[in-house]
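1. Sequence and predicted structure below; questions after.
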Amino acid sequence: MALIKAGISGSTEGFDELIVRTESMEQEMKSITPPSSCEKYHQVSLEALGRGRAILIELKNAISTRDVSKVAEAAQEAAALKAKADELTRLETNLRAVRQHPSP
């Protein structure tokens, strides 16, 4: 809420910081070559980061221009991004299970 309030007041600094951090995480993840068992998790993580960054940019722009319809669209996209987060959780659970109980 603090980011939204600041954005409405004209300060997008918080959004800008999150966007830069997300870009940095994306670049770091792109430099990683995961083991084959983690490739799907890595790819879905990159997709989620990229989509999350895009949503942050859309939300920042929508709030700074006070475009309520664009804010609502960004909120819907963020809700849709939850499906990626759920997929990542499932993939992580599966990876941890395999690690704890490797096949012979």
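-> Happy to help now that I have it.
2. Can you give me the neighbour number for residue 97?
-> Neighbourhood size, residue 97 [other Cβ atoms under 10 Å]: 10. C-beta here means a position set from N, CA and C on the backbone, and glycine is covered the same way.
3. Now it: which helix or strand?
-> helix 68-100 (DSSP states H and E).
4. Show me which parts of that helix are buried, residue by residue.
-> 71, 74, 81, 84, 87-88, 91 (16 or more other Cβ atoms under 10 Å).
5. What is it packed up against?
-> Using 3 or more Cβ pairs under 8 Å, 6 or more residues apart in numbering; DSSP states H and E, the elements in contact with helix 68-100 are helix 39-64.
6. buried stuff in the helix it packs on?
-> 41-42, 44-45, 48-49, 52-53, 55-64.
7. Can you find the helix or strand in the protein with the smallest mean pLDDT?
-> The helix or strand of the chain with the lowest confidence, counting by mean pLDDT, DSSP states H and E, is helix 2-8 at a mean of 73.
8. Which residues does that helix contact?
-> By Cβ atoms under 8 Å, 6 or more residues apart in numbering, the surrounding residues in contact with helix 2-8 are 12-15, 18, 60, 63-64, 66.
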